[in-house]
Every structure is written in structure tokens, then in C-alpha cells.
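[1] I need the structure of the sequence given here:
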Amino acid sequence: MESAPVITRRRSVRQFVPPQHGAWAMLLLPYVIGVIAAGFRRPDLPLLGAWLAGYLLSYYAFQAIKSRRPRRYVRQLQLYGLSTLLLATPVVVARPAVLLYAPAFAVLVAVNAWYAHRRRERAFLNDLAAVTQSCLMVFVVATVAGAPPSTVLTPFTLVLLYLTGTILYVKTMIRERDSQSYRTASAIYHAAALAAVVTQGPLPTAVFTLLLARAWLLPGRSLTPKQVGLLEIAASTLVLLATVT
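    Predicted coordinates:
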């Protein structure tokens, strides 16, 4: 049997780490694509830390809004708020131009906050706002590298198409598994996404063909959330390869 201190430690850790395992891939994929496409610079390291800390800050801020009990999350908000500030400062000092993206992030975060207040975090538009925030990181990394946004427009478009499709696909596998309208919307979207990338070369075309097959064939099958997640890790890897080659 596990000792009480170990159990207590695990519970303490869970208070500061959200149970949103799929969010990490959504956060890291655009960042990695941006670094590979635009080139690595030293500020990219604190940028990654600020990006992850900012996500954790927003998660607990939305929990505070949703629960109407902000005092319950004071420790998390203080920890991740300070971490975000400390890590973001050297990035802003090195590349003040990253602040140009602040208004876009502010609008998207406001959308998430509104849905949290309404307790409708699973709404499609709320998920789309979160995905758009993540994909904007491609442009932020390019700005840190001193590259114009046009140099990463194609990687941004590909990862946005993929992650938007993932919203629909995952809903058909878990929360909306019995919804024929969601299945139809997911299949139509993935077909449109494939049509949009055929001019980008054979590898993106092949990857988005597989994504369309996934959206068409897998809904209705008895896959566990863990299996769905593992398949998305594989899909994210393929999208990464297709985007940066």
C-alpha cells in the first residue's frame, strides 16, 4: 500500500496540474513547428516557459470564473501568474514586436472567459478560440526569430487546419459519439481541408488524406479516450513532418 505522504504529495501535485492531457500536444505542436520553420533563437526557451505557464494560468483563471470561487485558486493563480511574467519579460525585452500579438490573444482569451462564465467550455467556438491561440504561436516564434509572418504562413495554415479538424473528430469519438450531425460536419470539414492542401505537395496531401480517412472510418468504433489520444499523437507527428519538410 502507498504511504500517506506519497498520496498527499500526488494530491498536491494534481492541484497545480490540470487533467487536460490533450492540451499539451495542442500547445507544443505549433511552437515546435514555428521553431523549425523560422529557426531557433535563445528567447525561444523562455518563450516556451511563458507559453506553458500562461496556459496553466488561464486554465485556473477559467476555473475560478466557472466555479465563482476565485479564492479556491489563489495559489495557482499567484504561482503561474508570476511565472508567466518572469519568463515573458526577457522575450519582450529581446523582441518587443511580440507585443503586437497581444490584442489578438486578449480577444481570444476573452472568448474563453465568456464560455467559462457560461459553463460551456466544451462549445465548439470555445475550442476554436483555444486552437487559434495555439496556432498564433507559429507567428510569435517567427517574430522572435526576426522572420516576417509570411515565411510561416503555410505552416500556420496547415497546423490550424489540422487542429480545427481535431476538435470535430475528437467530439465524434467521445462527447458527441452519437451525433450524426457532428460526424457529417467532421467528414465534410476534413474533405475541405484536404482540398485546401493539395497544392502544398504530396506529403501534406497524403497526411490530410489519412486524417480524412480517420474522420470517416473511426467514429462509431469502440475506442477508449486513451486510444483516441494515442492516435492523435501519431497524427500530430505526421502533421509536424508534413509541415516542416
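
[2] hey, where'd the helices end up in this structure?
    Secondary structure of the chain by DSSP state H: the helices cover 4-14, 21-38, 44-67, 74-94, 102-117, 124-144, 153-173, 180-197, 202-217, 225-244.

[3] show me which residues of the third one are buried.
    In other words, helix 44-67. Within helix 44-67, the residues scored as buried using 16 or more other Cβ atoms under 10 Å are 44, 46-66. Every C-beta, even on glycine, is put in place using the N, C-alpha and C of the backbone.

[4] please compute how far it lies from its chain's middle.
    The gap between where helix 44-67 is centred and where its chain is centred comes out at 12 Å by Cα atoms, centre = their mean, to the nearest Å.

[5] least confident secondary structure element in the chain?
    Every helix and strand of the chain was ranked by mean pLDDT, DSSP states H and E. The lowest is helix 4-14, at a mean of 55.

[6] please name the nearest non-neighbouring residue to the residue nearest the centre of the chain.
    In the chain, the centroid-proximal residue (Cα atoms, centre = their mean) is residue 26; its distance is 2.7 Å. The shortest distance from residue 26 to any non-neighbouring residue, by Cβ to Cβ, 6 or more residues apart in numbering, is to residue 134 (5.0 Å).

[7] check contacts around that neighbour.
    Shown in contact with residue 134 (Cβ atoms under 8 Å, 6 or more residues apart in numbering): 26-27, 29-30, 163.

[8] can you tell me how far it sits from residue 217?
    Going from residue 134 to residue 217 by Cβ to Cβ, to the nearest Å gives 27 Å.
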